[in-house]
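Asker: Can you look at this prediction? I've put the sequence above it.
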Protein chains: 4
Amino acid sequence: MDANAQPPIPGLRVLVTGGTIDKIYDAAGGRLGFERTQVLEMLRQARVALPEDCVQTVLLKDSLELVAADREAIAEACRASVEERLVITHGTDTMVLTAQHLAQTVRGRTIVLTGAMVPFSVSHSDALFNFGFAIAAARLLPHGVYVAMNGCVFTWDGVEKNRAAGWFEETPLS
Amino acid sequence: MDANAQPPIPGLRVLVTGGTIDKIYDAAGGRLGFERTQVLEMLRQARVALPEDCVQTVLLKDSLELVAADREAIAEACRASVEERLVITHGTDTMVLTAQHLAQTVRGRTIVLTGAMVPFSVSHSDALFNFGFAIAAARLLPHGVYVAMNGCVFTWDGVEKNRAAGWFEETPLS
Amino acid sequence: MDANAQPPIPGLRVLVTGGTIDKIYDAAGGRLGFERTQVLEMLRQARVALPEDCVQTVLLKDSLELVAADREAIAEACRASVEERLVITHGTDTMVLTAQHLAQTVRGRTIVLTGAMVPFSVSHSDALFNFGFAIAAARLLPHGVYVAMNGCVFTWDGVEKNRAAGWFEETPLS
Amino acid sequence: MDANAQPPIPGLRVLVTGGTIDKIYDAAGGRLGFERTQVLEMLRQARVALPEDCVQTVLLKDSLELVAADREAIAEACRASVEERLVITHGTDTMVLTAQHLAQTVRGRTIVLTGAMVPFSVSHSDALFNFGFAIAAARLLPHGVYVAMNGCVFTWDGVEKNRAAGWFEETPLS
């Protein structure tokens, strides 16, 4: 397959920020960490013709370690994107916080945050499914900020992570 | 994770028909074939709370071997589905033919056909990505029949498989 | 394949003590840890007819956390084994220390310690290779205590882990 | 890890002849076939410092398709090898026939044939285990011709494949 010849997907950009989805095993340190993003490998495996320059590493961090400046850097990358449709790979623990920040600081974009409960590099990972799901959502949804996990898509203001259970669910009305 | 407690996805059904996506290695025969569908395992790995009785095996065949009665069995399963949104896993070689048959014989449903170039059971498979992509498409698109492959979604009447290249693309206007 | 019908391997026992080889991803905690041994799954995948009761979990620990009583428990399991040939799965960091303790406290056994630099549950793991290598070594070597890693077998008194490089090598003569 | 710096394994050569172990999925053709050997990737994954020029592709064939000239080419590669210890990756169906030919035409070598019931490129493969097992056997056994499968090592004149069961076993005395 000559991926260069496949008609490229237009209008889509992937922003990488780290999170479980992108962790790989560091044999020297004996633990999972960040070295480089796995997103290009995921796209190749999925046979998706997204141009390489449409995959942009903003950060490579555990989402528990994100600070306000990191969230603003993600927002700035969204605003700077020529492409209107954005998938953001992100740690699950503070994904909703970043979604809230983006909803308040970015306009004119369809933004879908996704991640994984198990790293792409580990057996039985949900990464590839979530990533495919998020790309479809980003291509089909109107402008707005969304979270796509577990085969569900949530608007930024109606979702929370159920940490004990290990999934995302709708925020109940208070 | 207790998958039973996760709010189940409503209104979605997966129809299994076989195809490369579902082939597994038969060590006795020394070749890839069908034994049972891998779709439930894919859903479990993706941590998607689709009830098991919403995954229905209609056929387990190479799509080159599908006959008219098989396509009609798929159409009948679509019409019989209480769920309005359907993902159909299918071989890629005649996926477009089945899409055409469904477009002519089923109404009132969102139907998304998907498959894989590499079986789910083989390294570096595109199956999980395509399946996630297709589920998102089925949840978001209006009634109609679609093909979802390579990170793209096509309407049934505007797509063809480029066999030499190994991907799906829009049919040029004649 | 009916594994029960295959002539079982006689005279071999596997002792599980934990280590990187046996770590699996804990999605709730977001890290690698121990839950149950992967050794039975490794044997099944390898189509090796070792009876299940010849796989014995002595410990499930990171080898940096082993204390003297743990090493003595391993030694005791070696002495108690009816089978003369023993493979011990073990963390790499203190594998040599355990080998030394066994050499001083067990007689009449062929003992081969092995492990992995990357867990069996992570992509591109060396676990299955090392495990196969160690089982062959245990079946072929005379009584004594050995370390089997990287496609090499070392006697207990002539090996050290090169932590910076990530492999085992012969101790130079001083 | 800098594999170049690791002390290389001396005296060992791997001869590649094809077989199930080395089959990879051909997405265009929709079937498993041969393209290039996976043995170097297996060695890298296993962190084994065998020099690349000690891996030699003699053939890439299904072992049912081997003819007398192929077996003689394998024998010739054994005789030409500077290294005394040889692992031969081979299809399982006629592995015993090749072992018999080598026993009659090569002297002064330790030759271990191995293969897999499931290709290295397919999930849950026994390839890496068998390959590790065979390398240990080749390093430890005296001159002679052996078959290493299922965690067992057999001499060339005392083994047969039990095709129905999917494993190798000792030939009963007649």
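Answerer: Structure's in. What do you need?
Asker: near chain C, which residues of chain A show up?
Answerer: Applying C-beta under 8 Å from any C-beta of the partner chain, we find that chain A lies next to chain C at A:20, A:25, A:27-28, A:30-32, A:93, A:117-119, A:121-123, A:163-164, A:166. C-beta here means a position set from N, CA and C on the backbone, and glycine is covered the same way.
Asker: who's in contact with the closest residue in space to residue A:32 that isn't next to it in sequence?
Answerer: Of all residues not flanking residue A:32 in the chain, residue A:23 sits nearest, at 4.1 Å (C-beta to C-beta, 6 or more residues apart in numbering or on different chains). Residues in contact with residue A:23 (C-beta atoms under 8 Å, 6 or more residues apart in numbering or on different chains) are A:32-34, A:119, A:121.
Asker: List just the nearest of those to chain D.
Answerer: Distance to chain D, by C-beta to the nearest C-beta, is smallest for residue A:121 among these, at 13.1 Å.
Asker: Run through the bridge partners of the residue nearest the centre of chain A.
Answerer: The residue lying closest to the centre of chain A (C-alpha atoms, centre = their mean) is residue A:89, at 1.8 Å. Beta-bridge partners recorded for residue A:89 (DSSP bridges): residue A:16, residue A:114.
Asker: likewise residue A:55?
Answerer: According to DSSP bridges, residue A:14 are recorded as the beta-bridge partners of residue A:55.
Asker: what's the neighbour count on it?
Answerer: Look at residue A:55: counted by other C-beta atoms under 10 Å in any protein chain shown, it has 19 neighbours.
Asker: got a pLDDT number for it?
Answerer: Looking at residue A:55, its pLDDT stands at 97.
Asker: Can you verify my assumption that it contacts residue A:42?
Answerer: No - judged on C-beta atoms under 8 Å, residue A:55 makes no contact with residue A:42 at a distance of 9.6 Å.
Asker: Look up the closest residue to residue A:31, ignoring the ones flanking it.
Answerer: What sits nearest to residue A:31 in space, not counting adjacent residues and going by C-beta to C-beta, 6+ apart, is residue C:32, at 6.9 Å.
Asker: burial count for the one you found?
Answerer: For residue C:32, the neighbour count with other C-beta under 10 Å is 22.
Asker: I'd guessed residue A:102 sits against residue A:108; true?
Answerer: No - with contacts counted by C-beta under 8 Å, residue A:102 stays clear of residue A:108, the gap being 12.0 Å.
Asker: Have a look at these two and say which one is more surrounded.
Answerer: With neighbours defined as other C-beta under 10 Å, residue A:102 and residue A:108 compare such that residue A:102 has more, 22 against 8.
Asker: Looks to me like the more buried one is in a helix.
Answerer: Yes - under DSSP: H, G, I helix; E, B strand; the rest coil, residue A:102 falls within a helix.
Asker: and the closest residue to it other than its chain neighbours, which of the three is it?
Answerer: Excluding the flanking residues, the one nearest residue A:102 by C-beta to C-beta, 6+ apart is residue A:145, at 4.9 Å. Here residue A:145 is recorded as strand under three-state DSSP.
Asker: Show me the beta-bridge partners of residue A:145.
Answerer: With DSSP bridges as the criterion, residue A:145 is bridged to residue A:111.
Asker: Would you enumerate the residues in contact with it?
Answerer: Counting by C-beta under 8 Å, 6+ apart, residue A:145 touches A:99, A:102-103, A:106, A:111, A:113, A:155-156.
Asker: change it to 10 Å
Answerer: A:78, A:86, A:88, A:98-106, A:109-113, A:154-157 (C-beta atoms under 10 Å, 6 or more residues apart in numbering or on different chains).
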